[in-house]
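Asker: Quick one: sequence and predicted model below, then my questions.
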Amino acid sequence: MTELTRIGVLAHPHRPSTLPFAERVHSSIREAGYETWLQTAWDASVVTSLVEKSDMVVALGGDGAMLRAARACAPFGIPVLGLNAGYLGFLTEASPEEWPAVFERLKSGDYWIEDRMMVTAEVWNHDKMTVCLDALNDVVISRGSIARSVWLETYIDDLWATTYNADGLIVASPTGSTAYALAVGGPILSPQLHNILLIPVAAHLSMDRPLILSDESQVKVLVIPRNQGSEVTVTVDGELIATMGVNDYVIVRASDKISRFVRLREEGYFYRSLLDRLEPRLAVRHDDANRLEKASDDNT
């Protein structure tokens, strides 16, 4: 594990209420004798130059902030610690209030690093690549603002698989299986897996089941002439990156980069953490537990 000497802090640029806390985190790191920096606005070039020379980044916000931080840090192999100031916080590790105890554990080396697979999206126009970006969650090819399904000719490893007639098609990593893919009924994949998930959104009289592919597979999605007059968009981790026309296509494959997250919980944390967010937890009261135990004894 790399010795920590420089720890950066990325605040959420659209949540001003979190900035005072980000400043406190930054101050505590500096007062402890570490090199540090604080970035409160998302300027990609500035963030990249700061991240490149860091040993760890503390990101404050929800999953959106974590996605941005992870993509910025992945090219340099820098781990990210997430402090949840958002809603669900699937990717974060602790709450802002827990920072003093968290920082003590960081200083003593009492943590581990979790690696997560990413995917790369290439957008091609007339056989010229116009965009190439990595995603931690997913790449989504979908209809635009007009409520009309789109036809997406899909190839797996250069072989035609099917043509979807749907609102869209999600190509997700295991991390992305708990994001948009989960909302449309997709399977949940462990972050330890190395797979690509393919799942249509609101398929109409076409393949409507998810496909789980090897991380060695390549997915190509072609906008066919039947879409004439329809807008087709491409998003990466929820951010619009391109609009496609007829005969344009997207290629998605496993990225050669990985996202790294600082974890304080035990290594089997994922399933309990996930279910805590997906289902209500009803604690068994002590007197109820005694009553249930007594009833069990009476029935034996």
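Answerer: The structure has been received and is ready for your questions.
Asker: residue contacts, residue 133?
Answerer: Shown in contact with residue 133 (C-beta atoms under 8 Å, 6 or more residues apart in numbering): 120-121, 236, 241. All C-beta atoms are positioned from the backbone trio N, CA, C, and that covers glycine.
Asker: is it fair to say it lies in a helix?
Answerer: No: going by DSSP: H, G, I helix; E, B strand; the rest coil, the assignment for residue 133 is strand, not a helix.
Asker: quick one: contacts for the residue nearest to it when sequence neighbours are not counted?
Answerer: Once flanking residues are discounted, residue 133 sits nearest to residue 236: 4.9 Å by C-beta to C-beta, 6 or more residues apart in numbering. Taking C-beta under 8 Å, 6+ apart, we find residue 236 in contact with 121, 133-135, 138-139.
Asker: Give the buried subset of these as a ChimeraX selection command.
Answerer: Those of the contacts of residue 236 that count as buried under 16 or more other C-beta atoms under 10 Å are selected in ChimeraX with:
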select :121,133,134,135,138,139
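Asker: Give me the neighbour count for the residue lying closest to residue 192 once chain neighbours are set aside.
Answerer: In space, and not counting its chain neighbours, residue 192 is closest to residue 174: 7.6 Å by C-beta to C-beta, 6+ apart. When counting by other C-beta atoms under 10 Å, one arrives at 22 neighbours for residue 174.
Asker: Need phi/psi at residue 174.
Answerer: phi -60, psi -40 (degrees, to the nearest 10).
Asker: Check the spacing between it and residue 140 real quick.
Answerer: 16 Å (C-beta to C-beta, to the nearest Å).
Asker: repeat for residue 70
Answerer: Relative to residue 140, residue 70 is positioned 18 Å away (C-beta to C-beta).
Asker: for residue 58, same thing?
Answerer: 29 Å.
Asker: Then residue 60?
Answerer: Counting by C-beta to C-beta, the separation of residue 60 from residue 140 is 26 Å.
Asker: what's the answer for residue 268, then?
Answerer: From residue 268 to residue 140 the distance is 30 Å (C-beta to C-beta).
Asker: neighbour-wise, which of those two wins?
Answerer: Higher neighbour count among residue 268 and residue 140: residue 140, with 26 against 8, using other C-beta under 10 Å.
Asker: Mind pulling up the pLDDT for the more buried one?
Answerer: Looking at residue 140, its pLDDT stands at 98.
Asker: Spit out the contact partners of it.
Answerer: By C-beta under 8 Å, 6+ apart, the contact set of residue 140 is 168-171, 180, 201, 234-235.
Asker: For residue 106, give me the backbone phi and psi.
Answerer: phi -60, psi -40.
Asker: ok, now which ones touch the residue nearest to residue 4 when sequence neighbours are not counted?
Answerer: Counting by C-beta to C-beta, 6+ apart, residue 55 is the residue found nearest to residue 4 once chain neighbours are left out, at 4.9 Å. By C-beta under 8 Å, 6+ apart, the residues touching residue 55 are 2-7, 78.
Asker: before we move on, what SS does residue 97 have?
Answerer: At residue 97, secondary structure determined by three-state DSSP is helix.
Asker: What about it, how many residues nearby?
Answerer: Neighbour count for residue 97, taken as other C-beta under 10 Å: 10.
Asker: same question, residue 29
Answerer: Residue 29 - counted by other C-beta under 10 Å - has 25 other residues nearby.
Asker: Repeat that for residue 182.
Answerer: The number of residues packed near residue 182 is 18, by other C-beta under 10 Å.
Asker: For residue 218, list each beta-bridge partner.
Answerer: residue 253 (DSSP bridges).
Asker: for residue 200, that is, sorry about that
Answerer: Here residue 200, judged by DSSP bridges, has bridge partners residue 169.
Asker: Can you tell me how far residue 223 is from residue 198?
Answerer: Separation of residue 223 from residue 198 (C-beta to C-beta): 17 Å.
Asker: actually residue 181, sorry about that
Answerer: 9 Å.
Asker: Over to residue 245?
Answerer: Residue 245 sits 23 Å away from residue 198, taking C-beta to C-beta as the criterion.
Asker: if you count what's nearby, which of those two comes out ahead?
Answerer: residue 198 (26 against 13).
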